[in-house]
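A.B. asks: Give me a model of this one.
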Amino acid sequence: MIKRFVITVSLLLGTSLSAQEDIEVTPLEPLDLEAIIQDVIEQDKAEVPTVSVDQALLRGIDKLDGTVDDLSLTAGVPLRFGTMDITMSDCRYPADNPSGEAFAFLTITDGGETVFAGWMIASSPALNALDHQRYDVWVLRCKTSETDGG
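C.D. replies: Residues are numbered from 1 along each chain as shown. Here you go, the predicted structure:
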């Protein structure tokens, strides 16, 4: 039984080795890394025009009692949500899409300690999320006359 196994393995190895000898390898041309890097930089420079407004709509949830509230914020005016104070500095959205892709700069404090400061993106709230044991807050959209029916 063992002899059969050894003979089979040696035949298979011998066949695969001889098949590899017949393969012709063509060297690849070197990549132009400078050109690739330059293309990436140029793509990053293509900015989407945005509009800045001073009002935003956020949603907050109290994970302890399950209540959900929509929070209307005005730039520079702190809003109390549970034990936290939320202040929005700016809300921006793409000029061609007022109801989507909003992002707001928020500063959230709890008991005088800053628990979040940064841009929060409506379409990807987990990208830069508030990490709080009791509350969850995320941006829904910027408030404009187009998105608020007026």
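A.B. asks: Mind listing what's buried along the helix or strand hosting Y93?
C.D. replies: Assigned by DSSP states H and E, Y93 falls within strand 84-94. Neighbour-count burial for strand 84-94, counted by 16 or more other C-beta atoms under 10 Å, picks out 84-88, 90-93. Yep, even glycine has a C-beta here, placed from its N, CA and C like the rest.
A.B. asks: now swap in stretch 60-68 and tell me
C.D. replies: For stretch 60-68, the neighbour count (16+ other C-beta under 10 Å) marks 60-61 as buried.
A.B. asks: what pLDDT, on average, does that stretch get?
C.D. replies: Average pLDDT, stretch 60-68: 95.
A.B. asks: Any chance of the buried residues of strand 84-94 in CSV with distance to T114 and pLDDT as columns?
C.D. replies: Formatted as CSV, those follow (distance: C-beta to C-beta, whole Å; pLDDT from 0 to 100):
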residue, distance to T114, pLDDT
M84, 10, 96
D85, 10, 97
I86, 11, 97
T87, 10, 97
M88, 14, 96
D90, 17, 95
C91, 19, 95
R92, 22, 93
Y93, 25, 92
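A.B. asks: could those residues go into CSV alongside distance to I23?
C.D. replies: Formatted as CSV, these follow (distance: C-beta to C-beta, whole Å):
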residue, distance to I23
M84, 65
D85, 68
I86, 64
T87, 66
M88, 63
D90, 60
C91, 60
R92, 56
Y93, 56
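A.B. asks: Would you check that L73 makes contact with R59?
C.D. replies: No. In this structure, L73 is not within contact of R59 by C-beta atoms under 8 Å, at 11.4 Å.
A.B. asks: Looking at those two, which is more packed in?
C.D. replies: L73 (23 against 15; other C-beta atoms under 10 Å).
A.B. asks: need the strands for this structure, in chain order.
C.D. replies: 50-53, 55-62, 68-74, 79-81, 84-94, 103-110, 113-121, 135-142 (DSSP state E).
A.B. asks: Which secondary structure elements does the longest one sit against?
C.D. replies: Contact analysis of strand 84-94 by 3 or more C-beta pairs under 8 Å, 6 or more residues apart in numbering; DSSP states H and E lists strand 50-53, strand 55-62, strand 68-74, strand 79-81, strand 103-110, strand 135-142 as its packing neighbours.
A.B. asks: With the first one instead?
C.D. replies: In terms of contacts (3+ C-beta pairs under 8 Å, 6+ apart), strand 50-53 is packed against strand 84-94.
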